[in-house]
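S.K.: give me a model of this one.
(one chain, ligands or ions: 2)
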Amino acid sequence: MDRSMFTSTSTNVQFPPSTSAEAWWRGAIIYECHLPSFRDGNGDGIGDLEGLIASLDYLHDTLGVDAVWTGPFYRSPLLDQGFDVSDYTEVEPTFGTLETFDRLLREAHARGIRIIVDYIPNHTSDQHPWFVESRSARTNPKRDWYVWRDPRDGGPPNNWTSEAGGSVWEWDAGTGQFYLHSHLKEQPDLNWRNPEVREALFDVLRFWLDRGVDGIRIDVAHMLMKDPKFRDNPEAPSGNHNPFDLQHPDFGSQVHLHDRRHPDTHHALAQIRAVIDEYPGTVTIAEIEAMSWEDWAEYYGTDLAGMHLPFPFRLLETHWSADLLRAELHGMYAALPPGAWPIVALGNHDRARLATRLGTAQARVAAVLLLTLAATPCLLYGDELGLTDRPVPVDRQRDYFARATGGVSRDPVRTPMPWNDDVNGGFSAAPEERLWLPAASDAAEISVAAQLSRPDSMLSLYRQLTRTRHESPALRRGEIVFLPDVAADSDAHRVLAYERRAGDDHKVILLNLASEPVPVRLDFAGTLVVSSVGREPGGRIGRELDLAADEAVVIDIEKG
Ligand code: NOJ
Ligand code: CA
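M.R.: Ligands and ions are numbered 1, 2, ... in the order given. The predicted structure follows:
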């Protein structure tokens, strides 16, 4: 990871509001649902599309989100939570049927919720008929649909290491060649240099767009193209391990220079975007690993003909300090191409939970940050409840990344959503031992129902924030200006401050990232709209304010 941006800066930076045509996703709040852990609609212990349909009123009316990113639901052996697809155009029976999916779309659209589905073009399951054909014979017409290479010196073709641990190369004794898998060996990479593969994957896209989905989240978009010469990656003797990542340590033993992010990737993504553009109003969100903000910005494409929303991981991987966050945000907005708009997330199904990383008090501060930045917020299911990582016994683990090669399990981040005080927290009526992952023993106390009855709960804070964002043009789409000098010098590194403006609407956001109070001075007076520590909204805020420990506030500034 490039750490050169991790420097403090005290300049004010101004980012004009978008000038291009308005798009729904610029003002939207997106919710990442992890389907097997969200809600079980048929009592088999696994979350499904029926359960998601049953949760739409919660998502829209209670929580106030505008779009749901579903998580994969395609036919799959489920070794990687459905990111191992064996049929792109069928629904995995565990999750429902095409009819259930169509109903989800109808029910969501009737409530004004948009549906974003996963698009997983980099790899399939080894059970996909394309791969079964490809590995059947060197002469099979689909041989070149995957990446096959001869051995080098009797071993793997190069030194590339997989995200799931070990080599990316798996020997196929039947045909005497290695195939490439950037993740599990059961997830062979497709060969995006083959035009037939591209066309087949564009057809997949059209299949779901024709059904009416509102957008796609592209899995590992930065990986589609690899070095055509398959050169070795440079070793990283002192380790290249990202402490925020749950990837296997093998992966961090080298610099991943040649196995991903080849410049040709941008052409492939522009072609995907061209298909998306056949369906006006749809959005492309591209998952890309942490990289410099300049590299991230390239994913918007020449003349913004690439991804609408390249999904950066840098903010998820930044130490929680005002200076570092300010520097990252400066870097992001400075690199943002004219007319472009960012997406941000602070939680994700591949990373430790927000409340585990920061503790509950600062997770509340993070909620204020997420929902007040000049960016589309993407919220991981359960973060609105302050869920923490929960230990999952080895015999209950689902994550094959850990099971295959002894890596760190991502299961603790993906435990069932607690809804109420019913059995298993209302997630499923199945016996506990049949649940996808174990339900929390305190599910009832931390559940949606319990938190709705408490004005000081994390859920109540999120509800207040989504409502405030929806009602405020400044927060939804306004410009952002960082305020460097609100705290005395000795406290400056504790407070992140910015303002958002659109027309007459003017908000100031102050985040105390420390667990001690900090006095701040403002150039304006206003009215308190939200406080993360429960200070009563509506109170007048003068030019001096004592921010409590772990307090984040949104202040409405008076005109003139
Ligand atoms: C990224 C997904 O977020 C992760 O969960 C998955 O394991 C890999 N891509 C492989 O599809
Ligand atoms: Ca189920």
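
S.K.: which residues of the stretch 1-150 of the chain lie near ligand 2?
M.R.: 40, 42, 44, 46, 48 (Cβ under 5 Å from the ion). Every C-beta, even on glycine, is put in place using the N, C-alpha and C of the backbone.

S.K.: shouldn't the last one be in contact with D40?
M.R.: Yes. D48 is in contact with D40 according to Cβ atoms under 8 Å; the separation is 6.3 Å.

S.K.: got the contact list for the residue of the stretch 251-400 of the chain found nearest ligand 1?
M.R.: Per Cβ to the nearest ligand atom, D350 is where the stretch 251-400 of the chain lies closest to ligand 1, at 4.8 Å. D350 makes contacts with 245-246, 410, 413, as judged by Cβ atoms under 8 Å, 6 or more residues apart in numbering.

S.K.: hang on, the earlier thing: of the residues of the stretch 1-150 of the chain next to ligand 2, buried ones?
M.R.: Buried residues within these, counting neighbours by 16 or more other Cβ atoms under 10 Å: 40, 42, 46, 48.

S.K.: A440: which of those is nearest?
M.R.: The closest of those to A440 turns out to be D40 (Cβ to Cβ; 15.2 Å).

S.K.: what's the nearest residue to the closest one once chain neighbours are set aside sitting at in phi/psi?
M.R.: Leaving aside its sequence neighbours, D40 sits nearest to S428 (Cβ to Cβ, 6 or more residues apart in numbering; 3.4 Å). Backbone torsions of S428, given as degrees, to the nearest 10, read phi -160, psi 150.

S.K.: just checking, S428 touches M417?
M.R.: No. Proximity of S428 to M417 does not meet the contact threshold set by Cβ under 8 Å, at 10.1 Å.

S.K.: just the pLDDT for the residue of the stretch 251-400 of the chain closest to ligand 1.
M.R.: D350 is assigned 94 on the pLDDT scale.

S.K.: do the one 5 residues further on as well
M.R.: Among the per-residue scores, A355 shows a pLDDT of 97.

S.K.: show the contacting residues for it.
M.R.: 363, 383, 386-388, 458.

S.K.: now with 10 Å?
M.R.: Going by Cβ atoms under 10 Å, 6 or more residues apart in numbering, A355 touches 347, 361-364, 366-367, 382-383, 385-389, 458.

S.K.: for stretch 157-174, how far is the first residue from the last?
M.R.: Using Cα to Cα, to the nearest Å, the span of stretch 157-174 from its first residue to its last is 17 Å.

S.K.: got the end-to-end distance for stretch 439-453?
M.R.: In stretch 439-453, first residue to last residue: 21 Å (Cα to Cα).

S.K.: what parts of the stretch 301-450 of the chain come near ligand 1?
M.R.: Neighbours of ligand 1 within the stretch 301-450 of the chain, by Cβ under 6 Å from any ligand atom: 349-350.

S.K.: now the strands: where do they sit in the stretch 301-450 of the chain?
M.R.: With DSSP state E, counting those that start in this stretch as the criterion, the stretch 301-450 of the chain has strands at 309-311, 343-345, 376-380.

S.K.: give the rounded mean pLDDT of stretch 196-211.
M.R.: If you average the pLDDT over stretch 196-211, you get 98.

S.K.: which strands and helices sit next to the helix ranked longest in the chain?
M.R.: Counting residues, the longest helix in the chain under DSSP state H turns out to be helix 195-211. For helix 195-211, the packing partners by 3 or more Cβ pairs under 10 Å, 6 or more residues apart in numbering; DSSP states H and E come out as strand 87-91, helix 98-110, strand 114-119, strand 215-218, helix 265-276.

S.K.: relative to strand 114-119, how tilted is it?
M.R.: 160 degrees (axes from the mean of the first three to the mean of the last three Cα atoms, to 10 degrees).

S.K.: secondary structure class for the residue in the chain that ligand 1 sits nearest to?
M.R.: Taking Cβ to the nearest ligand atom, ligand 1 has its nearest neighbour within the chain at F83, 3.2 Å off. Under DSSP: H, G, I helix; E, B strand; the rest coil, F83 falls in the coil class.

S.K.: what's around it, how many residues?
M.R.: Neighbourhood size, F83 [other Cβ atoms under 10 Å]: 21.

S.K.: just the ones in strands from the residues of the stretch 1-150 of the chain next to ligand 2, please.
M.R.: The strands, defined by DSSP state E, take in nothing from these.

S.K.: what's the closest of the residues you listed to V495?
M.R.: Nearest member of those to V495, counting by Cβ to Cβ, is D40, at 43.3 Å.

S.K.: my guess is the closest one contacts V423, does it?
M.R.: No. Using Cβ atoms under 10 Å, D40 is not in contact with V423; the gap is 11.2 Å.

S.K.: shared neighbours of the two, anything?
M.R.: Joint contacts of D40 and V423 (Cβ under 10 Å, 6+ apart) are 429-430.

S.K.: before we move on, back to that, tilt between the longest helix of the chain and helix 98-110?
M.R.: Helix 195-211 and helix 98-110 are oriented at 60 degrees to each other (the same axes, to 10 degrees).

S.K.: how far off centre is helix 195-211?
M.R.: Offset of helix 195-211 from its chain centre (Cα atoms, centre = their mean, to the nearest Å): 23 Å.

S.K.: repeat for stretch 49-56
M.R.: How far stretch 49-56 lies from its chain's middle: 20 Å, per Cα atoms, centre = their mean.

S.K.: likewise for stretch 335-355?
M.R.: 7 Å.

S.K.: which parts of it are buried?
M.R.: Neighbour-count burial for stretch 335-355 flags 335-336, 340-355 (criterion: 16+ other Cβ under 10 Å).

S.K.: what of stretch 41-55?
M.R.: Buried residues in stretch 41-55, counted by 16+ other Cβ under 10 Å: 41-42, 45-55.

S.K.: likewise for stretch 399-413?
M.R.: For stretch 399-413, by 16+ other Cβ under 10 Å, it's 399-405, 407, 409-413.

S.K.: same check on stretch 439-448?
M.R.: Neighbour counts over stretch 439-448 (16+ other Cβ under 10 Å) mark 439-440, 443-444, 446-448 as buried.

S.K.: same deal with stretch 317-334?
M.R.: So stretch 317-334, judged by 16+ other Cβ under 10 Å, has buried residues 317-318, 321-333.

S.K.: the residue lying closest to A488 once chain neighbours are set aside - how many residues pack around it?
M.R.: Ranked by Cβ to Cβ, 6+ apart and with sequence neighbours excluded, the top spatial neighbour of A488 is P519, at 6.9 Å. When neighbours are counted by other Cβ under 10 Å, P519 registers 13.

S.K.: sounds good, over and out.
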